[in-house]
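>>> Attaching a predicted model along with its sequence, questions to come.
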Amino acid sequence: MAEITFLEAIREALTEEMERDENVFLLGEDIGKYGGAFKVTDGLQSKFGENRVIDTPISEVAIVGAAAGAAHMGMRPVAEMQFIDFISNAYDMLTNYVATARYRAFLACPMVVRGPSGGYVRGGPFHSQNPEAAFLHTPGLKIVYPSTASDAKGLMKAAIRDDDCVLFFEHKYLYRRIKGEMPAGDHVVPIGKARTAREGSDVSIITYAATVYKALEAAEQLQQEHGISVEVIDLRSLLPMDDEAIVATVRKTNRVLVLHEDTRTGGIAGEITARINELAFEWLDAPVLRVTAADVPLPYSPPLEDYVLPQTSDVVRAVLRLAEY
Amino acid sequence: MAEITFLEAIREALTEEMERDENVFLLGEDIGKYGGAFKVTDGLQSKFGENRVIDTPISEVAIVGAAAGAAHMGMRPVAEMQFIDFISNAYDMLTNYVATARYRAFLACPMVVRGPSGGYVRGGPFHSQNPEAAFLHTPGLKIVYPSTASDAKGLMKAAIRDDDCVLFFEHKYLYRRIKGEMPAGDHVVPIGKARTAREGSDVSIITYAATVYKALEAAEQLQQEHGISVEVIDLRSLLPMDDEAIVATVRKTNRVLVLHEDTRTGGIAGEITARINELAFEWLDAPVLRVTAADVPLPYSPPLEDYVLPQTSDVVRAVLRLAEY
Amino acid sequence: MSTRSARSRASARRGTSGNVSGLGRDAKLELYHYMRLTRSLEERLVNLYRQTKVVGGLFRSLGQEADAVGSAYALDRSKGDVLSPLIRNLGSMLVQGATPVEVLRQYMAKGDSPTRGRELNIHFGDIGAPGETRGFLGQISHLGDMVPVMAGVTLSFRLRGEDRVGLVYTGDGATSTGAFHEGINFAAVQKCPLVVIVENNGYAYSTPTNRQTAAESFVDKAIGYGMPGVRADGNDVLETYAVTREAVERARAGEGPTLIELMTYRRKGHAEHDNQSYVPPGEIEQWETTNDPIARYTKYLTEKEGVKQDELDAMDARVIEIIDEATDIAEASPMPEPTDSLVGVYADPPEVEPLWFRTGVQSAVEAHERPEGWGTWSAKEGARG
Amino acid sequence: MSTRSARSRASARRGTSGNVSGLGRDAKLELYHYMRLTRSLEERLVNLYRQTKVVGGLFRSLGQEADAVGSAYALDRSKGDVLSPLIRNLGSMLVQGATPVEVLRQYMAKGDSPTRGRELNIHFGDIGAPGETRGFLGQISHLGDMVPVMAGVTLSFRLRGEDRVGLVYTGDGATSTGAFHEGINFAAVQKCPLVVIVENNGYAYSTPTNRQTAAESFVDKAIGYGMPGVRADGNDVLETYAVTREAVERARAGEGPTLIELMTYRRKGHAEHDNQSYVPPGEIEQWETTNDPIARYTKYLTEKEGVKQDELDAMDARVIEIIDEATDIAEASPMPEPTDSLVGVYADPPEVEPLWFRTGVQSAVEAHERPEGWGTWSAKEGARG
Ligand SMILES: Cc1ncc(C[n+]2csc(CCOP(=O)(O)OP(=O)(O)O)c2C)c(N)n1
Ligand SMILES: Cc1ncc(C[n+]2csc(CCOP(=O)(O)OP(=O)(O)O)c2C)c(N)n1
Ligand SMILES: [Mg+2]
Ligand SMILES: [Mg+2]
């Protein structure tokens, strides 16, 4: 089969799910005729009609709230945030209304909120955000953040079929840079399972989304230049998190680096570290280290953005420190 | 000097700061004539007038946004959220506009957002929240969460004088239950410094806000019944966090429990654990353990709320496990 | 081109009154029943609150029963119409089929309450397929949020070609929220079959409407959303019914949302603890003595419909019976099992694991650790009998 | 009581035109200068964009220069009036004193740009004490947020008894945000000296106004906020000036906010990359040929004010000179130092420590790691000369 881009994989998942289940519909800003700011939904309105691909006013609260209302009634809405940065406008609706619906009212709320996230693209402080840490803290939500085209497809299908609200973050740096072959048939990747992106035995890197590629680049370099064997775990799902996979890699290498693009303080590396601490403390031969962005709003100018975000060379330095520990 | 309640201490701080600096003003829902849902601002409008204690529409976005605008122009607004749970409506304004103002635009934004937070009061899922984890992740904000009356006063004064935005969480369980004597004079407690609430040598509990009292109760019990000496660190400030104090207690006891009322996954215990791991791994004789609420929206009925929130007996059990490790 | 000011697209509306409601005698008595049931049930709750059996605050709709009952009555339950109540809409929920036992159990935080003790007061619902559910949605505390959600509920009706209509209530205060604005605008653009009712009861907590908006009336917002607006006397149950009915029919006909402002008055405080010190002297008494919706309706029924006072008295007695029975049942209900708190955050996994330090521990606290809430439920003694 | 519909409190307004603007010849030529400067500066940016010297997207206000310039010109800079621009308000910023060099440096992400390379395009400001600052506030991307912020800025004017006025711009699309609603309502209730301008340019990104609101016009929202509303021809710079001036005077007199809807048209795409495939054929050309604000104003100046075309040509040439000079300066500006990214998140501490794995490391990436942005800045070759 031919390779398709990460972005096309998402579109393929949306298309297949819309074909499979007439309750699936899309809503968001400029997603219809225009096909969305990144063209993820390109062609879907002409294929499925205006009732299944709905252009909305600039109203993230209403988009998410209306998705929830429709979801209660048996629909399966997929809401787009034009940039994921605008999900913060719907923070109340998501954390207070949507996340609690099942628990406090026994109401199903099967919906997906998706959108382009992440940096490395000179987007500046409001078009580059990684909002996972803000939502990790909310029981009732699920969060996925894929790094490969086939996971993007399979997880999107799983997210649409999930009976609860799934936040689906699409790293825009990967949209057109990453390609992959799609497995044949109804390709669904279960939410909550990590993936081993590279096997290794000396040091583990636990990461997700765009920094998976920084980890892989670093791993290659470390192998070649230092003979260090690095295992790379791509979490894929952040909530629920795959504790088993985390523990397994800790037991294997005894040295762990957590890597994410998001800022450091309050970023989800903290949660991962705490889990490792609780579940596999005795297996650690070194402290769990974090490579993350610096604690600043993400600046736009290339030298600044490059300095703030984690880079391959940082990963190399951190792994060397772990290996030497 | 006579003891005053936690709530009165906050009112005293507001009063003194309003007297000291005419740029300080208050805004929020029902804070004027009515004095606020918890009466924190009782009497302040009649004392300072309608221009300094402003009743607003039910508009948390506008309250926070207007505070920011006034702050840019040299005012020092103190905005009340009627319950801190409603701060989620202003999540965008706080994290995107306010927190970045200095960095992206060199604009000062000296303001305080305060409100009653926390559970143990049968408030249910929307009147009991602890929002610190959602904001810990945002460079540009500061967060304080006091547990004693005198810290409440001293930190409020520091927050008002701080040149950046400070989120000031007031645990409503403490409002009228906790009393203290106010130090004489201009009592300002620096933001970013923890407090040793009880000295001890066997196990450390790092906590803040209402659970400081759970920790102290447990410590007493552990001393009496098990001869275990527990040190209790009251963080007071969550952002910035007092790494020095954290490292010092780890070095002293080598066994750490992080205790907070907030839910577990994504709660700030993760960040604390990661810091301990990085800064004092070699000093740990046991994994850092977390005692927190369960990962569910906080239910309202007493048996449920009691079950979900951390209780003294949980702390005792966790410390025993650490001590025996 | 020339400038021009905001203009009105108003179509003049004539005052409605009882005789245009189109309701028969039985229906009119049913309206009376629900208004009385609302008031008496709240009075019972006050007793229970004073007995410290209510956990959390108690919210009254005294003097607003007509607006809640009359508007809800305009929905067609046989078609599966739905509504989203706010804290003063106990009456609306009763009309849709909520029962006194449910309400009492909720307020007493019982384990068999509609939310199993998870949510407070009348924050509960029953919504889904027509026939199988009664059609009211559980509110959350965050004001305004129910408007977008109901926009979505009714959007689903339109998308599926269902013949159903939704009604969402919002207070005068809640109109100031961003969620209200985004939701009503979304519903207007999407032509959702939704009726939006602003209950103007003069106050939002302590804040009078002139500190909430500079507009003369809330119905003035309608034109800015491109929808018809109607202002009606919310203390006239038949007028309320009639204007809502008209809006419901418009919605059902595919003509989109209507904004209705119902004029009423909150005679009690925001909640039971509020002493209303901010209310100008005499204002409450004025409404109580000259504009009580039940008194007005009683007068109408006896004078215009020839209903005998005896008949109404019998209905009142029946209401008390219902409430007595419900109270007994609710009081006998158990409190929830502590570990039920771990069930049902997600469909999958269906249950959260107990945290390690709780494994095997069933209940979390000793009685002496229990705090007093804001309500009157006494922590130290449990729910006293 | 009887029901009634939304009514208008409209006071009829006559069309304004050039001769009621009250501006003298010099001022009128200054308006021309700013409109031309706006257009030519954006044209220069297009060149630089094509040369891959612009980092990030490029946003045009082609065809909207009159609305931006005319409205901003109505503020009194000597009194310290302030405005909050949006992405199409380059013209407004120039009127307040923003310079082409600043704009060019911003777009090129230079280290000496007004935000030191931290923010994009025209997201920069200069606001504070009158006299010391020029009075424009740096916007953020999240639409609507500037309305509450400007409510607060102007609230401070009222609280301190300062004789200053604020002006906030919002697009037709941004009116759908909760922040817009909360902010304008807050300003109305608080009688803030604020003018709110809705620039109705027909589109929000690809979304036409009839998918943004069901209302006939945005000015219809004014009555619902209890403020006067005026709709004006935003492509007529003098009419725009006149209606804004009136609103500014109302605000300064303590009479509170006014909502102004300026009718205009976005002739280019949302940003340079947008091919406008969603625009009905002929629509752009129609506006271009019959309703270009500069062409219209040129006609007015030459026909009604007796300005010679030569004089205008000389002004145009001067504008190009200014821009050439500014381009040279901006191109010569350095990119920021990487570690400047750690400075100034807080007043205290003034600087974030470098993370441990970066200690001593000055620049983060090798050239080969650099990604292409959405803009045309070429990662591989840096900012090509
Ligand atoms: C977003 C939000 N902010 C603040 C509150 C706190 N609060 C609860 S009820 C209330 C007043 C509501 O007034 P109104 O909408 O007029 O309804 P009423 O109580 O008069 O029926 C307030 C401020 C809230 N619930 N939600
Ligand atoms: C809250 C929010 N949602 C979405 C966006 C993405 N976005 C940026 S500009 C734009 C369209 C704005 O349209 P309008 O307000 O009419 O302004 P115009 O571009 O026409 O001047 C959108 C949807 C945003 N910036 N903020
Ligand atoms: Mg009200
Ligand atoms: Mg527009």
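Yep, it's here. Ligands and ions are numbered 1, 2, ... in the order given.
>>> Doesn't A:Leu27 lie inside a helix?
No: going by DSSP: H, G, I helix; E, B strand; the rest coil, the assignment for A:Leu27 is strand, not a helix.
>>> pLDDT score for the residue nearest to A:His171 when sequence neighbours are not counted?
In space, A:His171 comes closest to A:Gly118 once its chain neighbours are excluded; the distance is 4.1 Å by Cβ to Cβ, 6 or more residues apart in numbering or on different chains. Quick note: C-beta positions are derived from backbone N, CA and C, even for glycine. A:Gly118 is assigned 98 on the pLDDT scale.
>>> what do you get for the one 3 residues further on?
pLDDT, the model's per-residue confidence, is 95 for A:Val121.
>>> That one contacts A:His171, correct?
No: judged on Cβ atoms under 8 Å, A:Val121 makes no contact with A:His171 at a distance of 9.5 Å.
>>> who's more crowded, these two?
Taking neighbours as other Cβ atoms under 10 Å in any protein chain shown, A:Val121 and A:His171 compare with A:His171 leading, 28 against 22.
>>> Let me see the contact set for the more buried one.
Residues counted as contacts of A:His171 (Cβ atoms under 8 Å, 6 or more residues apart in numbering or on different chains) are A:6, A:116-118, A:145, A:147, A:209-210.
>>> Which two of the residues you listed have the greatest separation?
A:Pro116 and A:Ser147 (14.4 Å; Cβ to Cβ).
>>> Neighbours of residue 235, how many?
By default, I'm working from chain A. Residues contacting A:Leu235 under the criterion other Cβ under 10 Å number 29.
>>> oops, I was thinking of chain C
By other Cβ under 10 Å, 27 other residues sit near C:Asn235.
>>> show me the contacts for it.
With contact set as Cβ under 8 Å, 6+ apart, C:Asn235 has these partners: C:63-64, C:66-67, C:263-265, C:291-293, C:296.
>>> how about 6 Å then?
C:Asn235 makes contact with C:66, C:264, C:291, C:293, according to Cβ atoms under 6 Å, 6 or more residues apart in numbering or on different chains.
>>> neighbour-wise, which of these leads?
C:Ala66 (31 neighbours).
>>> right, and it touches C:Pro293 too?
Yes: in this structure, C:Ala66 is within contact of C:Pro293 by Cβ atoms under 6 Å, at 3.4 Å.
>>> rewinding a little: would you mind checking which of the contacts of A:His171 is nearest to ligand 3?
If you rank the contacts of A:His171 by distance to ligand 3 using Cβ to the ion, A:Ser117 comes first, at 39.4 Å.
>>> Could I get the pLDDT score of the spatially closest residue to that closest one that is not a sequence neighbour?
Excluding its sequence neighbours, the residue lying closest to A:Ser117 (Cβ to Cβ, 6+ apart) is A:Ile84, at 3.8 Å. Looking at A:Ile84, its pLDDT is 98.
>>> Also C:Ser363?
So C:Ser363 comes in at 72 (pLDDT).
>>> pLDDT averaged over stretch C:150-170, what's the number?
So the average pLDDT for stretch C:150-170 ends up being 98.
>>> repeat for stretch A:260-277
98.
>>> quick one, what contacts the residue of the stretch 151-300 of chain A found nearest ligand 1?
Closest approach between the stretch 151-300 of chain A and ligand 1, counting by Cβ to the nearest ligand atom: A:Cys165, at 20.4 Å. Residues near A:Cys165 by Cβ under 6 Å, 6+ apart: A:98, A:109, A:111, A:141.
>>> repeat that with 8 Å
By Cβ under 8 Å, 6+ apart, A:Cys165 lies in contact with A:68, A:71, A:94, A:98-99, A:109-113, A:140-142.
>>> Including distance to ligand 2 and secondary structure, could these go into TSV?
Below are these laid out as TSV (distance: Cβ to the nearest ligand atom, whole Å; DSSP: H, G, I helix; E, B strand; the rest coil):
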residue	distance to ligand 2	secondary structure
A:Ala68	18	helix
A:Ala71	21	helix
A:Leu94	14	helix
A:Val98	18	helix
A:Ala99	21	coil
A:Cys109	22	coil
A:Pro110	24	coil
A:Met111	19	coil
A:Val112	18	strand
A:Val113	13	strand
A:Gly140	24	coil
A:Leu141	20	strand
A:Lys142	23	strand
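>>> nearest residue to A:Phe48 other than its sequence neighbours?
Counting by Cβ to Cβ, 6+ apart, A:Met18 is the residue found nearest to A:Phe48 once chain neighbours are left out, at 5.6 Å.
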